[in-house]
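Colleague: sequence? don't have it. structure:
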């Protein structure tokens, strides 16, 4: 079996969102001897060392570093051997030694590797060498036992197979990202503690330069200040996010305002005015309709009955930590003369007399508070629907079906699709027993405004409307939101770069299929390909609506390959990698808010201080039980978003060694097309920098992983 290091800490240590952290685990509880300037030097030295590690060559050297020699044993790791649980602990200890971190204390779940070991043990208990994988349905959530979740997309039964475990180099990369983030927070912790509430959020970041004159690059700049720190209050930045931020897949072009918008907005701005803007493709909107259907608002951080024994002294968790959310409708106009999206108005509530907020009718701080309520709503739709649901979980039934058919038969098509399936099953499995676990102290409950039970409802609703080519195929998805070919709105770089990438992938898929099949008849008589279609669409198996029930021609096969690769690569990259820029500075984009506007001061001059002290997630708290249960939410969000933007080693333009048997010429042609796209994006970003505008580099092929691997 290929060298594998179980999940190690890479799965267990994430104090986050996208995928991983035992709920009781907090970054603030890390215990490590790596600290201060000595720790910074150690981390930098190890970072350089890790970047040059070659799994096979280095690990094949039995006379190498003593700590690493223990890791070599993992090449013979047998998940069915009970004695190998001790080997896992040895491996964790060995890695700790290399990272100069204290030994694993598996009795202390708050230690850096103790938490890793607890999750590894769960995996070892379930890990099997599986020839085929089983589909499963989601159970109902205990907080909402009458809400049926069985209609959501299918998931993997149990743990992923052994061949899905991360390789050593990736584990080390993630460990280092975590450790350097911890070091970064330690270096600025005093600044956070001693600052005012507002300044404490800005104090989270390390300095870009050091020295008396501030010209020496800081080798310990582990938490660089994101673009949002100095720009989060600007209306232009607020609007830009809907085109180029973490959630660029919700904004729509208004065609018929009376039907698409609320009566409040139509009456406020006037039917004729709005229709005139719509006729010129100048009216756009975002409407968070699904949030309006959720029943529990505010939602508690530690809801009962899941936390009936997790509170102080083993009693029920205090129901004193509410998180609020609105279901806003945001209206925009597009200024073609200045190529800029502008905010026209915001409606937060869904009542008949709901107020319409505009910049001209609000005080400066009131307007800022309104926009923050919108970004918090957008965060919940982004993380749970656009990101987790529409990429991670939507890919899962595809991966299982591909594993059971094309992989088992060693079909040439698996050469193409294997690149799109890497690491995702492990990430999703880890998410279900940590981030989205249906149990006490769940990350999704204490970090998210809507909570786990309700974001699973959002995902289920998304899936009930899902159709493979319509939702996961970029041109169709754009058209469903009004961005048809005749509507060209500049500055929507997700669309602009995405279509270039989509078309390049389509050409690659077509060429690859031509290499595999010489005719449509060859496709129709290929029993493995037909079994793949049946397994993906069978209601008791993959149950993917809109996927072909059979394949009759090469064009359909190529279209399917194109759609799957886009979903796993470009779509996920677009909703994942902007996260540090947006979530890193928590006031800019919060996953939960501790207050709605009903308790906001009437005096505009008092609102700003109220927001930082009462509305944004905690950056520090005097509540000892709360601190022990979840830790500072703002710090956790910062470190999580930093981790989730870890660059991949398996990007679209770095796969030549994967296509040495099948598709060699097709991939070579694909590389040339990707190079042109990269050059065009980089040239545009150079111009943006000259104009003091933010770049958009998230769909540069050099930055786009081939799979959902983080």
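Modeller: Noted; the coordinates are in hand. Here the structure is a predicted model, which is why all the values come from computation and not from measurement.
Colleague: Against residue 418, how distant is residue 134?
Modeller: From residue 134 across to residue 418, the span is 20 Å (C-beta to C-beta, to the nearest Å). Backbone N, C-alpha and C define where each C-beta goes, glycine included.
Colleague: Comparing those two, which residue is more hemmed in?
Modeller: residue 418 (17 against 13; other C-beta atoms under 10 Å).
Colleague: burial measure for residue 322, as a count.
Modeller: Counted with other C-beta under 10 Å, residue 322 comes out at 16.
Colleague: distance between the ends of stretch 470-477?
Modeller: Distance between the two ends of stretch 470-477: 6 Å, counting by C-alpha to C-alpha, to the nearest Å.
Colleague: Sorry, wrong one. I was asking about stretch 312-329.
Modeller: Using C-alpha to C-alpha, first and last residues of stretch 312-329 are 40 Å apart.
Colleague: In that stretch, which residues are buried?
Modeller: By neighbour count on 16 or more other C-beta atoms under 10 Å, the buried set for stretch 312-329 is 317, 318, 321, 322, 323, 324, 325, 326, 327, 328, 329.
Colleague: just to confirm, which helix or strand has the first one in it?
Modeller: Right, the one you point to is residue 317. Counting by DSSP states H and E, residue 317 is held by no secondary-structure element, helix or strand.
Colleague: mind giving me a markdown table with the buried residues of stretch 312-329 and columns for secondary structure?
Modeller: Formatted as a markdown table, those follow (DSSP: H, G, I helix; E, B strand; the rest coil):
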| residue | secondary structure |
| --- | --- |
| 317 | coil |
| 318 | coil |
| 321 | coil |
| 322 | strand |
| 323 | strand |
| 324 | strand |
| 325 | coil |
| 326 | coil |
| 327 | coil |
| 328 | coil |
| 329 | strand |
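Colleague: Return the member of those nearest to residue 214.
Modeller: Minimum distance to residue 214 across these is 39.5 Å, recorded for residue 323 (C-beta to C-beta).
Colleague: how about that closest one, what does it touch?
Modeller: The contact partners of residue 323, by C-beta atoms under 8 Å, 6 or more residues apart in numbering, come to 298, 299, 300, 301, 448, 449, 451, 592, 593, 594.
Colleague: Is it bridged to anything, and to what?
Modeller: Beta-bridge pairing of residue 323 under DSSP bridges involves residue 299.
Colleague: What's the separation between it and residue 414?
Modeller: Remark: distance between residue 323 and residue 414 (C-beta to C-beta) = 44 Å.
Colleague: Ok, residue 696 next?
Modeller: Distance, residue 696 to residue 414, by C-beta to C-beta: 33 Å.
Colleague: higher neighbour count, these two?
Modeller: Per other C-beta under 10 Å, whichever of residue 696 and residue 414 has more neighbours is residue 696, with 24 against 20.
Colleague: Quick check: chain neighbours aside, which residue is closest to the more buried one?
Modeller: Sequence neighbours aside, residue 493 is the residue nearest to residue 696 in space, at 4.0 Å (criterion: C-beta to C-beta, 6 or more residues apart in numbering).
Colleague: Turn the buried residues of stretch 312-329 into JSON lines, columns for distance to residue 242 and pLDDT.
Modeller: Shown next, in JSON lines, are these (distance: C-beta to C-beta, whole Å; pLDDT from 0 to 100):
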{"residue": "317", "distance to residue 242": "36", "pLDDT": "92"}
{"residue": "318", "distance to residue 242": "37", "pLDDT": "92"}
{"residue": "321", "distance to residue 242": "30", "pLDDT": "93"}
{"residue": "322", "distance to residue 242": "28", "pLDDT": "96"}
{"residue": "323", "distance to residue 242": "23", "pLDDT": "97"}
{"residue": "324", "distance to residue 242": "22", "pLDDT": "97"}
{"residue": "325", "distance to residue 242": "18", "pLDDT": "98"}
{"residue": "326", "distance to residue 242": "16", "pLDDT": "98"}
{"residue": "327", "distance to residue 242": "16", "pLDDT": "98"}
{"residue": "328", "distance to residue 242": "12", "pLDDT": "98"}
{"residue": "329", "distance to residue 242": "13", "pLDDT": "98"}
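Colleague: of all those, which comes closest to residue 686?
Modeller: Each of the buried residues of stretch 312-329 was checked against residue 686 using C-beta to C-beta; the closest is residue 328, at 35.5 Å.
Colleague: didn't the closest one look like it was pressed against residue 288?
Modeller: Yes - contact status for residue 328 versus residue 288: in contact at 5.6 Å, counting by C-beta atoms under 8 Å.
Colleague: Which neighbours do these two have in common?
Modeller: Common neighbours of residue 328 and residue 288 (C-beta under 8 Å, 6+ apart) are residue 377.
Colleague: Phi first, then psi, for residue 441.
Modeller: phi 50, psi 40 (degrees, to the nearest 10).
Colleague: What number of residues are in the vicinity of it?
Modeller: Residues lying near residue 441 (other C-beta under 10 Å) number 19.
Colleague: Check the one 4 residues further on too.
Modeller: A total of 32 residues lie near residue 445 under the criterion other C-beta under 10 Å.
Colleague: List of residues touching the helix or strand hosting it?
Modeller: Residue 445 is part of helix 443-447 when elements are defined by DSSP H and E. For helix 443-447, the external contacting residues (C-beta under 8 Å, 6+ apart) are 16-17, 21, 23, 299-303, 306, 321, 384, 434-437, 451-452, 455, 591-592, 629-630, 633, 636-637.
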